[in-house]
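Got a sequence here, can you model it:
(chains A and B)
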Amino acid sequence: MFQLAMSSLRRRAGAFVASFLAMFLGSAIIMAFASMLDTAEASGATGTARETLVTMANVVGGWGLLLVVFAVTSTLTLSVRQRAVEMALLKSVGATPAQLGRMIVGEAAGLAVAAALLGIVPGMLIGRALLGMLHDTDQVPADVGYTFGPIAVSMGIGITVVSAVGAALITARRTTRVRVTESLAAAAVDTGRLSRKRVVFAVIFLLVAVQQAVITVTVMDGDSMAMATSGQADIFAAIGLSLLAPAIMRRVTALVAGPLRLFGGAAGGLAADTMGRRTSALAAAVTPVILFVATAVGTLFLQSTENAALEAAGLAKTNEQKNIETLNFVVIAMVVLFTAIMLVNTLIAATAHRRREFGQTRLAGATPGQVLGGAAVEAAVLAVTGVVVGTVASVFTIVPFGLARRDSVTPDGSVWTYLAVVALAAVLTGATAYGATRRAVRVPAVEAALN
Amino acid sequence: MIGRRGPGPADPAGQVPDEALRLENVRKVYGADGNRVVALDGVSLSLPAGSFTAVMGPSGSGKSTLLQCAAGLDRPTEGRVFVDGAALSGDSEAALTKFRRQRIGFVFQQFNLLPTLNVMQNVLLPLKLAGRKADRREARDVLERLGLGERLGHLPSELSGGQQQRVAIARALVTRPRVVFADEPTGALDTRSARDVLGLLQESVHLHGQTVVMVTHDPVAASYANAVLYLADGRIVGHQAAPTAEAVAERMTHLADEVERQRTMTEA
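Residues are numbered from 1 along each chain as shown, chains lettered A, B, ... in the order given. As a prediction, the model looks like this:
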C-alpha cells in the first residue's frame, strides 16, 4: 500500500498541489516562528526580549497547527473525493478499507515530509525578516542575533507531519466508511438538510462566541486585556455559522431564485434552477469566504480600536502591546493565506466536478457564454453571502471590544479597510470561478458530456 | 435519394425542396501529420424531411463521427453540411450553438439530462437558453404523450433508464427541430424500454413529420427505420430500404466481405 501511495503521488501530482501548498507554507511559517526559540536560547536573551521571542513562537505555532490541520483536511478530502472512481476500482480488486486508509495516510505523510523539508529555506528567510522587524521596533535588542536551529527544524517538520497525518486519518475515516455508490447518489440529490451533529456543534460554537462577547463587555470592561477574550469570538462565531452554511445557502438560493428568473436572463434562470440542488457544494465553497472575512475584519478593527483607545488616553504602546499588534497582523496574514488556498482549491475542485454537467448544458443549447454567465451568478451569490455572514461573525469581536475599551458600539478604523477585505474576497472568488469554468468549457461539449 | 453521391452540382439553391439534411463530400481527419486517422472519407448524402434513417457499421467505422459532424457538434476537416437548406458554418462555438438550437435536437445513449434539474425543467431548458417563450402547456402535453405526466417534478436520478430516455426525447422534440440525431439511444436500455423509445421516435416521424437520424449497432433498432445506411472505414458502403432485423443482421455479417470485394473491384 505504501508503494501504491508513492506511485499515485508521482503520477497524479496535480491532485495534491493544494495540500502540498498548505503544508509547505504551514511548515515555513511554523519554522520561522519556532526559530525565535532557537534565537532566544542561542543568544541568551533575558527579560522582556526573551518573553517576546517565546510568545511569538508559541502563539503562532498553535495557530499554525490549527490552520494546517484545517486546510490540509479540506484539500485532502477533496482530492480523495475526486478520485472516487480510483478508490472504487481499488475496492473492486480487493483493497480493504484499512488498506485504503493506509494509502491515504501514506500519501499525506510522504507529501508532508517533502513539504516540510522544502519549507526549511523559506522558513529561515522569514525568520530572519521577523527578527529584523522586532529589532526595528525595539521589541528585541539589536545585539540578539538570528539562529535557526534544532527547535525550528523539529517543530516545523513535527507539526507539519503530525497535522497532515491527523488530517489524513480524518479524511480516510470519512471516505472509507461510505460506500462509493452511496456517496455518489447522495451527491446527486442534496437538500441542504443539516445533520443533528452539525447543528449541535454549530450551537456550541455560537454559544462560546456569545459567552466570550459577554465576558468582554462585563468582566473585562475598560481593561486592555479585553483583547484576550474578544479576539477569538469572531473565529468561534465564524465556525458556528460555517457549520450552518448548508441551511444558510438553501435560504439564500430560495431568496435570489425569484429575482434571478425575472431579471437574470437564460443564464440567471439556469443558475436559479441549479443552485437550490447544490447547496452542499455551495456551502463548502462559502465556508472559507466566511472564515476569511470574519477573522480579517474582526482582528483588523480590534487592533484599530485598541490603537484609538491608547491614543485617546495619551499612552504610548508598551512593549507587550506592540508585541500583540505584531502577532495580530501575523495571524491575519496566515489566516488570509490558508483560507485563500482553501477557497481556490474548493472552487476549482467543485468546477472540475461539474465538467460533465457543463457539457450536458451546452448540448441542450447553452453557449459557452451562458455557462460562464451561470457560473458568474453563482460566484456572486457565494461572495455576497460569505461577506455578509463573515461580517456578522466579526461583530462578535468588534462590538464587545468597542464597548469594553471605548464605550462605543461602532469600531474605530477606516471603512477602506473593510472594503479592501471585501474586495479581496470578491476578487478571489470571482477570478477562481471564472478561470476554472473557462477551462471547463474549452473542452468540446460532446467530449465533456461523455465522461 | 439516399446513398452515395459524387460531389456533383452542389448549389444549395438547387436543392430538393423537401431536403432536411445534406452532406457534401465530408471528410474528417484526426491527429497530426505522422499519426493521421481518417474517420470520414468523403461522405455525401441527402435525407428527405420526414425520413427515419439508421446508420450502421462496425466499431470504428465512423458512425459517431458522421453524426457529430452532421449535427454541428464537430467540424468536418473538408466538405459541407446543410441542415434544412442552411449551411452549417460558424466561426465560434457560440455561433455553432445558436445554429444547433434552432434546427437540431439530440438524444444520447447516456441520456445527458441535467442531474440538478427536474423533468419539467430539463424539457424547458433548450427553450429558455434560446430565449424563446417556455410554453409549459406544450411541454406538459409532450411529456404526457410520452407517459411522463405524473413525473414532472422528479429528478433524473429518481427515474428508470427508459423514463430518462423518454424525457430526453421530449427535450429534443420541444424546440420542434428540423432533424433529431440519436446516438445509440437504446444502448443503455432493457429490451422493453428500448422498444418504447424506438416506437416514440417512429411515431414522431410518422405522425409529426419529424426527420430522425439514428446511429445504432442493433439490427432490431435499425428495423424501426425507413432505411439503413451502412458505413465502413469512413465511407458509405451500402443502403437498404424498408429493413427487417433479419436482413440487417445478415447484411452486417457480410459487410466486411462486401467492403473487401468493392475494394478489389475499384483497384482492378
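
residues from chain B in reach of chain A?
Taking CB under 8 Å from any CB of the partner chain as the contact definition, chain B meets chain A at B:68, B:73-74, B:93-94, B:97-98, B:100-101, B:106, B:108, B:110, B:112-117, B:121-122, B:125-126, B:128-131, B:155, B:157-158, B:171, B:175. Just so you know, the C-beta spots here come from the backbone N, C-alpha and C atoms, and that holds for glycine as well.

Which of these are buried? Put it as a PyMOL command.
One line in PyMOL is enough to select the buried members of the residues of chain B next to chain A, burial here meaning 16 or more other CB atoms under 10 Å in any protein chain shown:
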select buried, chain B and resi 68+73+74+93+97+98+100+101+106+108+110+112+113+114+115+116+117+121+122+125+126+128+129+130+155+171+175
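
Among the residues of chain B next to chain A, name the ones in helices.
B:68, B:93-94, B:97-98, B:100-101, B:121-122, B:125-126, B:128-129, B:171 (DSSP state H).

Closest to B:Gly147 out of the residues you listed?
If you rank those by distance to B:Gly147 using CB to CB, B:Arg171 comes first, at 15.1 Å.

Excluding sequence neighbours, find me the nearest residue to the closest one.
Leaving out its chain neighbours, the residue that sits closest to B:Arg171 by CB to CB, 6 or more residues apart in numbering or on different chains is B:Val123, at 4.8 Å.

Do I have it right that the one you found meets B:Val142?
Yes - contact criterion CB atoms under 8 Å: B:Val123 and B:Val142 qualify, at 7.1 Å.

Neighbour count: the two, which is higher?
Of the pair B:Val123 and B:Val142, B:Val123 is the one with more neighbours under other CB atoms under 10 Å in any protein chain shown, namely 30 against 20.

Let me see the contact set for that one.
By CB atoms under 8 Å, 6 or more residues apart in numbering or on different chains, the contact set of B:Val123 is B:139, B:142-143, B:167, B:170-171, B:174.

separation between it and B:Leu114?
Between B:Val123 and B:Leu114 the computed distance is 11 Å (CB to CB, to the nearest Å).

low pLDDT regions in chain A?
A:1-6, A:8-15, A:84-85, A:175-193, A:222-224, A:451 (pLDDT under 70).

Can you name the residues of it that neighbour chain B?
Residues of chain A lying close to chain B (CB under 8 Å from any CB) are A:185, A:188-189, A:265-266, A:269-270, A:273-274, A:277-278, A:357, A:359-370, A:444-446, A:449-450.

which residue does the stretch 201-350 of chain A bring closest to chain B?
Shortest the stretch 201-350 of chain A-to-chain B distance, computed as CB to the nearest CB: residue-wise this is A:Arg277, at 4.0 Å.

leaving aside the residues next to it on the chain, what's closest to that residue?
B:Thr116 (4.0 Å).

Assess the claim that that neighbour and A:Phe358 are in contact.
No - under the criterion of CB under 8 Å, B:Thr116 makes no contact with A:Phe358, lying 11.8 Å away.

for chain A, longest helix please?
Per DSSP H, chain A has its longest helix at helix A:368-406.

for B:Gly50, what are its contacts?
B:18, B:20, B:205, B:209-211.

Pick out the lowest-pLDDT one from those.
On pLDDT alone, B:Asp18 ranks lowest of those, at 84.

Skip the chain neighbours and tell me the closest residue to that one.
Distances taken as CB to CB, 6+ apart put B:Ala49 closest to B:Asp18, at 4.7 Å, once the chain neighbours are dropped.

Need the overlap of contacts for B:Val123 and B:Val142.
The contact sets of B:Val123 and B:Val142 overlap at B:170, B:174 (CB under 8 Å, 6+ apart).

which residues touch the residue nearest to A:Arg277?
Each residue near B:Thr116 by CB under 8 Å, 6+ apart is listed here: A:273-274, A:277-278, A:357, B:155.

need the contact list for the closest residue to A:Val446 other than its chain neighbours.
With CB to CB, 6+ apart as the criterion, A:Val446 has its nearest non-adjacent residue at 4.9 Å, and that residue is B:Leu73. Shown in contact with B:Leu73 (CB under 8 Å, 6+ apart): A:363, A:444-446, B:67, B:100.

quick one: which of the residues you listed is nearest to B:Thr264?
Distances from B:Thr264 to the contacts of B:Leu73, taken by CB to CB, are shortest for B:Leu67, at 29.6 Å.

What about that closest one, how many residues nearby?
Residues contacting B:Leu67 under the criterion other CB under 10 Å number 21.

returning to that earlier point: separate out the buried members of the contacts of B:Gly50.
Judged by 16+ other CB under 10 Å, buried ones among the contacts of B:Gly50: B:20, B:205, B:210-211.

how does chain A divide into domains?
The record's domain parsing of chain A by automatic domain parsing lists A:1-188, A:192-451.

Dump the ones you listed to JSON lines, plus mean neighbour count.
Shown next, in JSON lines, are the domains of chain A (neighbours: other CB atoms under 10 Å in any protein chain shown):
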{"stretch": "domain A:1-188", "mean neighbour count": "19"}
{"stretch": "domain A:192-451", "mean neighbour count": "20"}
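
can you tell me which residues contact B:Leu159?
B:119, B:151, B:167.

Could you pull up phi and psi at it?
Main-chain torsions, B:Leu159, degrees, to the nearest 10: phi -110, psi 160.

Any figure for the gap between it and A:Ser280?
22 Å.

cool, A:Gly374 as well?
18 Å.

same thing with A:Gly101?
For A:Gly101, the distance to A:Ser280 - CB to CB - is 24 Å.

Where is the longest helix in chain B?
Counting residues, the longest helix found in chain B (DSSP H) is helix B:191-208.

Give the buried residues for that one.
Buried-residue list, helix B:191-208, by 16+ other CB under 10 Å: B:193-198, B:200-202, B:204-205.

hmm, who's touching that helix?
Residues outside helix B:191-208 that contact it (CB under 8 Å, 6+ apart): B:50-52, B:107, B:146, B:160-162, B:165-166, B:169, B:173, B:180, B:182, B:185-186, B:189, B:210-212, B:214, B:218, B:220-221, B:224, B:226.

Any chance of the backbone angles for B:His154?
Main-chain torsions, B:His154, degrees, to the nearest 10: phi -80, psi 150.

Around it, how many other residues sit close by?
Look at B:His154: counted by other CB under 10 Å, it has 16 neighbours.

For A:Ala285, see how far away it is.
From B:His154 to A:Ala285 the distance is 27 Å (CB to CB).

go on, B:Arg103?
38 Å.

do A:Asn328 as well
The gap separating A:Asn328 from A:Ala285 is 27 Å, by CB to CB.

Report the central residue of the chain.
No chain was given, so I picked chain A. In chain A, the centroid-proximal residue (CA atoms, centre = their mean) is A:Thr339; its distance is 2.7 Å.

switch to chain B, that's the one I care about
Geometric middle of chain B (CA atoms, centre = their mean) lands on B:Phe181, at 2.3 Å.

Surely that residue is within a strand?
Yes - according to DSSP: H, G, I helix; E, B strand; the rest coil, B:Phe181 belongs to a strand.
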